[in-house]
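> How does the following fold in three dimensions:
(one chain, ligands or ions: 1)
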Amino acid sequence: MTDDTGDPAGSDDETPVGQGVDGGNGGDSDADAAPDDSEDAPEDLSIDRFHEALEAEERPVATASEVARRLGTTQAAARDALGALVDRGDVDRLDVEADPVVFYPRDWGALASRERVVVFPKRREIVVDRPTQYTRARLSQFANLVDTTGTEPGTRGYLYRIRQEDVWAAPFDDADALVGALRSVLPCRYDHLEEWVRDQWRRAHRFRLYTHADGYVVLEAASENLMGNVADQHLDDDHLRAPISDTEAWVNEDAVAAVKRALYDAGYPVEDDRDLATGDPVDVDLTTELRDYQRAWVDQFLDRKSGVYVGPPGSGKTVAAIATIAAVGGETLILVPSRELADQWREELLEHSTVDPADIGLYHGGTKEVRPVTIATYQIAGMDRHRSLFDSREWGLICFDEAHHITAPVYSRTAELQSKHRLGLSATPVSETGSEEEIYTLIGGPIGADWDSLFEAGFVQEPEVEIRYVPWRDELAQSEYAAADGRERRRVAAENPAKIEEIRYLLAAHRDKKALVFVEYLDHGNAIADALDAPFISGETPHHERAELFRRFRAEEGDADGDNTEETDGARDDDLDVLVVSRVGDEGIDLPNAELAVVASGLGGSRRQGSQRAGRTMRPTGSALVYVLATRGSSEEEFAQRQMRHLGRKGVRVRETNVAE
Ligand SMILES: Nc1ncnc2c1ncn2[C@@H]1O[C@H](COP(=O)(O)OP(=O)(O)OP(=O)(O)O)[C@@H](O)[C@H]1O
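Numbers count the residues shown, from 1 in each chain. Have a look, this model is predicted:
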């Protein structure tokens with residue numbers, strides 16, 4: 001059995017192999033390459049010295065006289081030395097029409113125009129500079145994007161890692177097709193890596209659940225040995241009722257989820273080929289045309305009968321889910337984290353399908369309707385009193401919106417719902433609570449996790465995220481921070497009064513944009529709302545008031561016909577351009593016209609929140625900007641960086657700026 005817990009950091013004795021040359025940027029010789037008197041024999045010119053000379057010139061190319069000046073030698077000697085480097089293959093020369101020949105390191109030539117793929121086979125890591133869209137789409141099928149470096153689009157390096165679960169979930173028909181895809185992006189063949197990939201692939205196809213002609217569930221192992229040594233070791237009488245043959249066993253209907261989880265943990269994800277209930281029929285047809293990638297998601301789901309659509313906010317998961325409801329054609333239970341989202345789901349269902357409004361039921365604190373398509377909150381669904389929700393109808397599909405929000409009681413119900421089609425939606429595959437395995441074993445594997453290609457296809461605007469480090473307003477505030485500790489300390493940093501000035505500045509700089517200002521603390525929210533003369537939505541704001549404020553924020557400016565730019569002083573509609581929002585506004589509220597988000601406090605939160613907040617503005621309309629304010633010299637700096645690194649891994653561009661004192 002291949003153990004796969006290897007921490008890549010451990011194996012750094014490995015040298016990269018690839019088609020690019022590592023740009024040696026020296027660093028150990030003279031710090032500055034200004035002319036000096038050292039009588040370096042020019043023929044000793046090393047590629048590192050040449051790099052230093054270029055750096056000193058602040059240009060990517062240099063003439064022989066410039067190099068000579070930097071090295072303190074004659075032009076002829078420099079030319080000879082450069083000639084030697086050209087002969088060695090380190091440097092290229094370009095004859096520019098009007099005289100001087102320029103020189104540049106050879107690997108830069110490749111770097112400037114082509115992607116460069118460097119593979120660390122033992123760590124199973126792949127670093128790609130300037131990847132093409134093809135490479136990114138390919139890699140996203142079997143590797144995990146761990147990090148992106150560089151802040152400008154042209155200089156981005158992408159770090160991918162192939163984890164076992166990536167291979168398990170790779171969307172290919174067989175191992176040859178997967179290895180073919182791997183070879184199509186790597187510069188050469190890596191036998192060990194391919195072997196490991198094949199081994200992982202095999203593991204994911206060793207156990208299968210299927211429905212016997214007589215209706216019961218069977219676990220089938222690829223060999224007697226696996227049944228005897230793996231299944232029997234990890235499963236017990238609660239899981240399996242009786243053996244059927246050396247490679248097959250009769251599974252306890254209630255234990256389907258537990259069997260999948262136990263074997264997943266043992267490193268053998270189970271293929272689920274059972275016939276699933278389609279439930280009582282419901283009449284829903286899609287009225288919106290799907291985009292290609294949405295159709296691919298739905299097809300993949302229908303093929304697997306379960307799975308999680310993973311895409312950035314605004315990428316059309318809800319619409320793809322409605323298409324899935326229509327395709328499965330059975331009564332559907334939709335679970336969502338909040339009442340606002342329940343209302344929003346209802347509207348989207350009506351907008352994108354032919355569903356009869358009378359067939360949609362809402363089930364939450366306010367109303368308790370169970371209809372052919374029922375939308376309930378996780379909170380209610382998790383309560384014992386409302387257990388009947390799950391079996392009061394023959395559901396064919398259970399849809400988990402914001403799947404990372406599923407609560408423990410709902411998880412345990414989900415384990416009982418293994419006979420239904422199960423669809424999750426998530427903008428955040430990374431879970432801090434370690435529930436990734438749960439999501440994938442109880443609901444299903446990820447479908448469509450490639451964010452970059454969505455950004456590039458233009459369906460989701462790539463936000464520019466900027467962390468702005470704000471200084472303390474005065475020494476008093478700073479010493480208050482130094483004297484406080486724990487939570488109080490965090491609060492003092494969060495409420496740094498200088499942030500209010502910064503928010504004013506940012507809003508003024510983007511006067512034409514609809515803006516959301518996020519805060520963590522009520523006092524802070526009130527202070528900012530007062531200063532900006534904007535409404536503040538917190539947990540204390542009644543539902544109807546919230547809905548009204550969101551409506552006004554969504555309203556288009558000056559709704560009348562056309563571009564009447566005339567000032568009508570005071571006669572403007574009641575639409576809002578700025579909303580201050582506490583944590584309640586954090587979750588999937590549909591504010592598609594938010595073009596600017598300022599995260600004023602709340603940097604102690606989870607990575608999830610970081611991406612949700614950026615997600616708020618990742619909508620297909622307008623240009624989206626996210627500013628995160630962090631008090632300089634406080635723990636917020638680190639939090640901000642950590643959250644944004646998470647976004648960086650998702651391919652989102654992050655910039656950092658110091659606000660002047
Ligand atoms: N195929 C499509 N054609 C036209 N519009 C679409 C399509 N798919 C989605 N949209 C629109 O794009 C917007 C975002 O879609 P949707 O709400 O499905 O995204 P989402 O991924 O569920 O977002 P969130 O994660 O915030 O819930 C909506 O206004 C929706 O109407």
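> Asp254 contacts Glu416, correct?
Yes: counting by Cβ atoms under 8 Å, Asp254 touches Glu416, with 6.9 Å between them. The C-beta positions use only the backbone N, C-alpha and C, and glycine is treated the same way.
> who has more neighbours, the two?
Glu416 (15 against 12; other Cβ atoms under 10 Å).
> Please name the bridge partners of Ala277.
Beta bridges link Ala277 to Lys420 when assigned by DSSP bridges.
> got the contact list for it?
Listed by Cβ atoms under 8 Å, 6 or more residues apart in numbering, the contact partners of Ala277 are Gly330, Glu394, Trp395, Gly396, Ser419, Lys420, His421.
> Neighbours of the third one, how many?
To tie it back to what came earlier, the one meant is Trp395. Around Trp395 there are 26 residues (other Cβ under 10 Å).
> just checking, Arg198 is part of a helix?
Yes: secondary structure of Arg198 (DSSP: H, G, I helix; E, B strand; the rest coil): part of a helix.
> State the number of residues packed around the nearest residue to Val256 once chain neighbours are set aside.
Using Cβ to Cβ, 6 or more residues apart in numbering and skipping residues adjacent in sequence, the residue nearest Val256 is Gln418, 4.1 Å away. Counted with other Cβ under 10 Å, residues neighbouring Gln418 total 23.
> swap in Asp285?
11.
> Was I right to think Cys255 contacts His239?
One thing to correct before we go on: residue 255 is Ala, not Cys. Yes: in terms of Cβ under 8 Å, Ala255 counts as a neighbour of His239; the distance is 4.5 Å.
> Return the distance of the residue nearest to Val256 relative to the ligand.
Going from Gln418 to the ligand by Cβ to the nearest ligand atom, to the nearest Å gives 25 Å.
> which secondary structure element contains that residue?
Assessed by DSSP states H and E, Gln418 sits outside every helix and strand.
> residue contacts, it?
Contact analysis of Gln418 by Cβ under 8 Å, 6+ apart lists Val256, Ala257, Leu442.
> got the contact list for the last one?
Each residue near Leu442 by Cβ under 8 Å, 6+ apart is listed here: Ala257, Arg261, Tyr411, Thr414, Ala415, Gln418, Arg422.
> helices or strands up against the helix or strand containing the first one?
Under the criterion DSSP H and E, the helix or strand holding Ala257 is helix 256-265. Using 3 or more Cβ pairs under 8 Å, 6 or more residues apart in numbering; DSSP states H and E, the elements in contact with helix 256-265 are strand 207-211, helix 232-234, strand 270-273, helix 408-416, helix 436-438.
> what about the longest one, distance to the chain center?
Translated: helix 408-416. The chain centroid and the centroid of helix 408-416 are separated by 25 Å under Cα atoms, centre = their mean, to the nearest Å.
> just checking, Pro269 touches Arg206?
No: applying Cβ under 8 Å as the test, Pro269 and Arg206 come out as separate, 9.0 Å apart.
> which of these two has more neighbours?
The residue with more neighbours, out of Pro269 and Arg206, is Pro269; 26 against 20, by other Cβ under 10 Å.
> need the contact list for the more buried one.
Contacts for Pro269 (Cβ under 8 Å, 6+ apart) come out as Glu165, Trp168, Arg203, Ala204, Phe207, Lys260, Leu263, Thr441.
> what is the fifth one paired to in the beta sheet?
Counting by DSSP bridges, Phe207 forms beta bridges with Ala221, Val270.
> How much space separates it from the ligand?
From Phe207 to the ligand the distance is 33 Å (Cβ to the nearest ligand atom).
> quick one: contacts for that residue?
Leu219, Glu220, Ala221, Ala222, Leu226, Ala231, Leu263, Tyr268, Pro269, Val270, Glu271.
> Using CSV, write down the CA coordinates of stretch 219-235.
The C-alpha trace of stretch 219-235 is given here as CSV (Å, rounded to 0.1, in the frame of the first residue of the first chain):
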residue,chain,number,x,y,z
LEU,A,219,-20.5,-3.6,-2.1
GLU,A,220,-18.2,-5.1,-4.8
ALA,A,221,-14.4,-5.3,-4.4
ALA,A,222,-12.1,-5.8,-7.3
SER,A,223,-10.5,-8.8,-5.7
GLU,A,224,-10.9,-11.3,-2.9
ASN,A,225,-7.9,-9.9,-1.3
LEU,A,226,-9.3,-6.4,-1.1
MET,A,227,-12.6,-7.7,0.4
GLY,A,228,-10.7,-9.8,2.9
ASN,A,229,-7.9,-7.4,3.8
VAL,A,230,-9.4,-3.9,3.3
ALA,A,231,-13.1,-4.1,3.6
ASP,A,232,-13.2,-6.6,6.4
GLN,A,233,-10.7,-4.6,8.4
HIS,A,234,-12.5,-1.3,8.1
LEU,A,235,-16.1,-2.4,8.1
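> quick one: average confidence on it?
Here stretch 219-235 scores 94 as its mean pLDDT.
> And for stretch 130-137?
If you average the pLDDT values across stretch 130-137, you get 70.
> cool, and stretch 518-532?
Averaged across stretch 518-532, pLDDT comes to 91.
> for the record, mean pLDDT for stretch 157-166?
Mean predicted confidence for stretch 157-166 is 84.
> Give me the buried stretch members for it, please.
Residues of stretch 157-166 classed as buried: Tyr158, Leu159, Tyr160, Arg161, Ile162, Arg163, Gln164, Glu165, Asp166 (neighbour count, 16 or more other Cβ atoms under 10 Å).
> cool, and stretch 386-406?
For stretch 386-406, the neighbour count (16+ other Cβ under 10 Å) marks 386, 389-390, 393, 395-406 as buried.
> how about these, which pair is most distant?
Farthest pair in the buried residues of stretch 386-406 (Cβ to Cβ) is Arg393 and His404. Separation: 26.1 Å.
> What is the neighbour count of the residue of the stretch 51-200 of the chain found nearest the ligand?
Closest approach between the stretch 51-200 of the chain and the ligand, counting by Cβ to the nearest ligand atom: Ser140, at 17.3 Å. Ser140 is flanked by 19 other residues according to other Cβ under 10 Å.
> try Gln233
Neighbour tally, Gln233, other Cβ under 10 Å: 10.
> contacting residues around the closest residue to it other than its chain neighbours?
Leaving aside its sequence neighbours, Gln233 sits nearest to Ala266 (Cβ to Cβ, 6+ apart; 7.7 Å). By Cβ under 8 Å, 6+ apart, Ala266 lies in contact with Val230, Gln233, His234.
> Against Glu220, how distant is the last one?
Counting by Cβ to Cβ, to the nearest Å, the gap from His234 to Glu220 is 16 Å.
> quick one: which of those two has more around it?
Glu220 (20 against 17).
> isn't that one right next to Glu248, touching?
Yes: contact criterion Cβ under 8 Å: Glu220 and Glu248 qualify, at 5.1 Å.
> Run the chain-centre distance for stretch 308-320.
With Cα atoms, centre = their mean, you get 12 Å for stretch 308-320.
> Quickly find the element holding Leu423.
Counting by DSSP H and E, Leu423 is part of strand 421-426.
> can you list contacts of that strand?
Contacts for strand 421-426 (Cβ under 8 Å, 6+ apart): 276-278, 301, 305-310, 317-318, 321, 324, 328, 330, 396-404, 414, 439, 442-444.
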